[in-house]
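**Q** When you get a sec, could you give me coordinates for this:
(chains A and B)
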Number of protein chains: 2
Amino acid sequence: MSGQTSSIICLLEMFFKKRGGKPNSVLLFLSFLVFMKSLHCVQSKKLLVLPMDGSHWISMKPVVEELGRKGHHVVIVIPEANLLLGSISHCKTKTYSVPYTKQDVAVLYRKNSNLIFTKEPFLKKMESFINRIKNISNFITLNSESLLYSKELLQYLKDEKFDAVFSDPLMPSGAILAEYLSVPSVLISRGIPCGLDVAVTQCPSPPSYIPRMFSKNTDLMTFSQRALNFIVSLAEPFICHLIFRSFNDIASNFFERSITFQELLSQASLWLMKYDFTFEFPRPLMPNMVLIGGINCVKKNPLPLELEIFANSSGEHGFLVFTLGSLVSEIPHEQLTHIVEAFRRIPQKVFWRYSGPMPQNLSENVKIMNWLPQNDLLGHPKVKAFITHGGIHGIFEGICNGVPLIMMPLFGDQPDNGVRMSHRGAGIVTDFYTLTAEKFLDAIDKVINIKSYKENMATLSKIHKDRPIEPLDLAVHWIEFVMEHKGAEHLRPAAHHLNWIQYQSLDILVPVIFIPLLITIMVLKCCL
Amino acid sequence: MSGQTSSIICLLEMFFKKRGGKPNSVLLFLSFLVFMKSLHCVQSKKLLVLPMDGSHWISMKPVVEELGRKGHHVVIVIPEANLLLGSISHCKTKTYSVPYTKQDVAVLYRKNSNLIFTKEPFLKKMESFINRIKNISNFITLNSESLLYSKELLQYLKDEKFDAVFSDPLMPSGAILAEYLSVPSVLISRGIPCGLDVAVTQCPSPPSYIPRMFSKNTDLMTFSQRALNFIVSLAEPFICHLIFRSFNDIASNFFERSITFQELLSQASLWLMKYDFTFEFPRPLMPNMVLIGGINCVKKNPLPLELEIFANSSGEHGFLVFTLGSLVSEIPHEQLTHIVEAFRRIPQKVFWRYSGPMPQNLSENVKIMNWLPQNDLLGHPKVKAFITHGGIHGIFEGICNGVPLIMMPLFGDQPDNGVRMSHRGAGIVTDFYTLTAEKFLDAIDKVINIKSYKENMATLSKIHKDRPIEPLDLAVHWIEFVMEHKGAEHLRPAAHHLNWIQYQSLDILVPVIFIPLLITIMVLKCCL
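**A** Okay, here's the model as predicted:
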């Protein structure tokens, strides 16, 4: 049901209440008609959801919830031991046992977050990075195999006769089960580091103006930046192979035949991309890519009284919101001291999400909490800036609410996200590893007091919200479409039938260009 | 205002009428709220519309009308002598004098339509084709220059301070005036023959699976088809130069500096593309391309009584709708005889749009009319098939209503359109030039009696209509967006800053690949 129809129903409900619960017959019939209209396209379908734990679940959750609320039979399959997953309203949750505990997951996350902060020389840092990838990869393998070799669960999933699978591409069991159950799949992603999302959708991505992940380039590159970007684009297939080799193994072992993860992903009917062009640099898209950036910041709730009082006590100076994301539990002592020191010297109040040991000498203008209603705080009229690690969800909460950013990227896509927002003049990137109180204060001062940051962010926010349809409605529509039409075959490009040489027309170049050229040269040579 | 809100308002209106025009206060207030909600985003802006005469106006008209209805100040500028243009409700129309009459335009169209039907050897046919292009080009030049050198009108347009220009890319004065008035532009197009739309939007279009216009290829090509497609793609810039040379002249003369039509088009903020992927082969799109295929078949009206009676008299056999488009006034005698003969031998009734001299021996099951309510006829339950030249609007009316097609393509994009629909099994292409009664009867028989045509078209129709937002709402939204935000700069790819060599990374290839390769070979040679 669209937002518009639901607001009409709300209006009707409001009037019923105002009239003491005794609606007259015309109003009753009218509301019945509106309700029937809202339902008339909804034919209940069956959806299998295979989510990824952690922040990836944030964008998926409202979509799944809404599909359940609309009357679809939604089954979410999750490991018994997880951090953020769990049952949600209107949906059925099935769990499978895994050979690790919730504690193990927490330890893995903590270990990885510690690795992020470890100061090491470059080669050691690369080794740590590879170790981190290995840790996560082993964990995903364990998780996937626990699901895929649970005979009972597999039989149940077969018997359920789902209409579609909704999953995260980094959760290989999603694509594998879609193939196994012979049902179409919808994937949700911010983009895959080695450009795998672009490769499997056959989406053109010229390295001359589309910066590669981790390059920290913008879409306007110098010659040397373009050269590096070009080399990285050449290396992408090999990087993908390295990263996703274990996923190939999971799939090949399960199907007892050689099959790659890339082949499985390329079968996906639809990709929900967690960005739009207020954030991402403009680039070509394929017809089966649907942009749903900002899907995580639709719902607004009033602040709890305690927070509201603290926020309002900030007076004309306003307040800051500070978080380094759910992955970071502890901040190294050196940076922690600088941050505390900087906060002591500003007139603003600070809401700080932090679950590590309480820092010493914390000034009274700072409120530390395990969890923050981040989006609601960012929607408060007194908020001045958002200090963030630059995760995609936080960035979009900043955009939605028009709050300028101070970004301290740590890993993954965060440095690239930082480049995007600072390139638009909507925030400043500060290096976390060399942070001092002075540098931090300087960044806070600039973002709060130089008008352009707020203005640029307000413009982005206005553009972001001026859309013909809400991202949640769009995501729900396309999943319903895939369930209803058994895929989205009409959006699948014929490029899938070509190999790389054919796609690039290299096999045409030889007979059509080079051979005639060669003959001409030879004839000319003979004649001369 | 979205379709949903307007239908709610209709519901409310219906109830008011049923209650004898005396709504109670709650209902009145409710409808007021709904109305205010529908208006709350609408801030009146100024739009300059430069339409193209003929069928191109069909898709533009409902958009312009809706923008006027929503309260925007819409000024349509048209030549005094035209065929289909004219004032429309809620919009202001300004005319400019042209050195030709309406009669001249009609003669030009008729001459061109006669050229289509002339049986000639290939070279002569090519000459005729070039003549046709020349005729149209001269006509457009006359038209554009009449507008661009009307000082008074130009001053008026300057004084109006428009927020955007809405035009057809084949109407050069649109892009020229957008540049002259320094306002953003929105263009509406089905695609430009030499791929100019793709070139100016920087949209990738690999010739390996994207068939070139006039090639009659599908997206699955044999080696030789791919080779031809590749060669055509290489020739496209030259073809564009030939076709649009006169447009370059118009622009350069007007601005008194060298400027190409291509440069002007590449400034467009947004492109409304008159297709979707139930019709077009799936292909990459740029962020500023918005698909609005089927925009021409939203409104449905009941049939006039006379036509309703004729339609219903067709009994179980149903009826056919036949048109060769607005450009064709007369059909050559030979084909006319065959068509009349074929119609005599079928049990179906036929609605035939034809403005030529009444054919002899017409059987009683055929009703010839100057104009047909085509979309309403195609929505009638008794319609069996649609015989069409395969213009984009007719094809989408077929898709919207799920009516299988018998296509007799004549010129332009029609043969390619025919390939698209027959490739999907939703119709049959019949060659008009070699038409006989038998061939025609065979095509009619197949499309009516082989179930798959109707079924495939019904599937396409279902997919086409299962969309998150109506194409009219989408078009209106994006024009409002461009007016509100003074363009859509955030959708403009950085590729516009690169030349062809940079875009293709050819300048990188030399230092990054070839030089190291050369050095390696030389070192190896030296060592050996």
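**Q** In its sheet, which strands sit next to the helix or strand A:Ile428 falls within, and in what direction?
**A** Assignment of secondary structure by DSSP states H and E places A:Ile428 within strand A:427-429. Strand pairing for strand A:427-429, using DSSP bridges, gives strand A:405-407 (parallel).
**Q** Return the list of helices and strands in contact with whatever helix or strand comes next after the strand it pairs with.
**A** With elements assigned by DSSP H and E, the helix or strand that comes after strand A:405-407 is helix A:414-423. Where contact means 3 or more Cβ pairs under 8 Å, 6 or more residues apart in numbering or on different chains; DSSP states H and E, helix A:414-423 is packed against helix A:392-401, strand A:405-407, strand A:427-429. For glycine as for every other residue, the C-beta is placed from the backbone atoms N, C-alpha and C.
**Q** And the ones you listed: which comes nearest B:Tyr354?
**A** helix A:392-401 (56.7 Å; Cβ to Cβ).
**Q** residues in the stretch 251-400 of chain A within reach of chain B, list them.
**A** A:Phe277, A:Thr278, A:Phe281, A:Pro282, A:Arg283, A:Pro284, A:Leu285, A:Met286, A:Pro287, A:Asn288 (Cβ under 8 Å from any Cβ of the partner chain).
**Q** and those as TSV, adding pLDDT?
**A** Shown next, in TSV, are these (pLDDT from 0 to 100):
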residue	pLDDT
A:Phe277	98
A:Thr278	97
A:Phe281	97
A:Pro282	98
A:Arg283	97
A:Pro284	98
A:Leu285	98
A:Met286	98
A:Pro287	98
A:Asn288	98
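**Q** Same list, the helices and strands packed on helix A:414-423, but as a markdown table with distance to A:Phe254 and mean neighbour count please.
**A** Output for these, formatted as a markdown table (distance: least, Cβ to Cβ, whole Å; neighbours: other Cβ atoms under 10 Å in any protein chain shown):
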| stretch | distance to A:Phe254 | mean neighbour count |
| --- | --- | --- |
| helix A:392-401 | 30 | 25 |
| strand A:405-407 | 40 | 27 |
| strand A:427-429 | 42 | 24 |
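**Q** now those as a markdown table including mean pLDDT?
**A** Below are these laid out as a markdown table (pLDDT from 0 to 100):
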| stretch | mean pLDDT |
| --- | --- |
| helix A:392-401 | 96 |
| strand A:405-407 | 98 |
| strand A:427-429 | 97 |
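**Q** Mind checking these for the one nearest to A:Glu308?
**A** Of all these, helix A:392-401 comes closest under Cβ to Cβ, at 16.2 Å.
**Q** Quick one: list the elements packing against that closest one.
**A** So helix A:392-401, by 3+ Cβ pairs under 8 Å, 6+ apart, packs with helix A:374-378, strand A:383-388, helix A:414-423, helix A:451-465.
**Q** can we see that at 7 Å?
**A** helix A:374-378, helix A:414-423, helix A:451-465 (3 or more Cβ pairs under 7 Å, 6 or more residues apart in numbering or on different chains; DSSP states H and E).
**Q** got the ones you listed as JSON lines, with mean neighbour count columns?
**A** Formatted as JSON lines, the helices and strands packed on helix A:392-401 follow (neighbours: other Cβ atoms under 10 Å in any protein chain shown):
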{"stretch": "helix A:374-378", "mean neighbour count": "22"}
{"stretch": "helix A:414-423", "mean neighbour count": "21"}
{"stretch": "helix A:451-465", "mean neighbour count": "17"}
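**Q** want to throw these into TSV with mean pLDDT?
**A** Formatted as TSV, these follow (pLDDT from 0 to 100):
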stretch	mean pLDDT
helix A:374-378	94
helix A:414-423	95
helix A:451-465	97
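**Q** give the contact list for A:Pro332.
**A** A:Phe117 (Cβ atoms under 7 Å, 6 or more residues apart in numbering or on different chains).
**Q** While we're on it, how confident is the model there?
**A** pLDDT for A:Pro332: 89.
**Q** pLDDT below threshold where in chain A?
**A** Applying pLDDT under 70 to chain A flags the ranges A:1-42, A:114-115, A:119, A:122.
**Q** So in it, which helix runs the longest?
**A** helix A:223-255 (DSSP state H).
**Q** Give the buried residues for it.
**A** A:226-230, A:232-233, A:236, A:239-240, A:243-244, A:246-248, A:250-251, A:254 (16 or more other Cβ atoms under 10 Å in any protein chain shown).
**Q** What is the subsequent helix or strand relative to that helix?
**A** helix A:261-265.
**Q** Could you tell me which strands the next helix or strand after that next one is paired with, and in which direction each runs?
**A** Counting by DSSP H and E, the next helix or strand C-terminal to helix A:261-265 is strand A:270-273. Strand A:270-273 has its sheet partners listed here by DSSP bridges as strand A:185-189 (parallel), strand A:289-291 (parallel).
**Q** Of these, which is nearest B:Leu170?
**A** strand A:289-291 (29.6 Å).
**Q** Show residues contacting the closest one.
**A** Contacts of strand A:289-291 (Cβ under 7 Å, 6+ apart): A:Thr201, A:Cys203, A:Leu270, A:Trp271, A:Leu272, A:Met273, A:Tyr275, A:Asp276, A:Leu474, A:Trp478.
**Q** what's the domain layout of chain A?
**A** Per automatic domain parsing, the domain ranges recorded for chain A read A:3-39, A:46-297+A:479-490, A:305-465, A:502-527.
**Q** how about A:Val183, what does it touch?
**A** Per Cβ under 7 Å, 6+ apart, neighbours of A:Val183: A:Phe162, A:Asp163, A:Ala164, A:Val165.
**Q** Name only those of the residues you listed that count as buried.
**A** A:Phe162, A:Asp163, A:Ala164, A:Val165.
**Q** Setting aside sequence neighbours, what's the nearest residue to the most centrally placed residue in chain A?
**A** For chain A, the residue nearest the mean C-alpha position is A:Arg190 (4.2 Å; Cα atoms, centre = their mean). If the residues on either side of it in the chain are set aside, A:Arg190 comes closest to A:Lys274, at 4.5 Å by Cβ to Cβ, 6 or more residues apart in numbering or on different chains.
**Q** Report how many residues lie close to the one you found.
**A** 25 (other Cβ atoms under 10 Å in any protein chain shown).
**Q** Which residues lie in contact with the nearest residue to A:Ile231 once chain neighbours are set aside in this structure?
**A** In space, and not counting its chain neighbours, A:Ile231 is closest to B:Val512: 6.3 Å by Cβ to Cβ, 6+ apart. By Cβ under 7 Å, 6+ apart, the contact list for B:Val512 reads A:Ala227, A:Phe230, A:Ile231.
**Q** I am finished for the moment; much appreciated.
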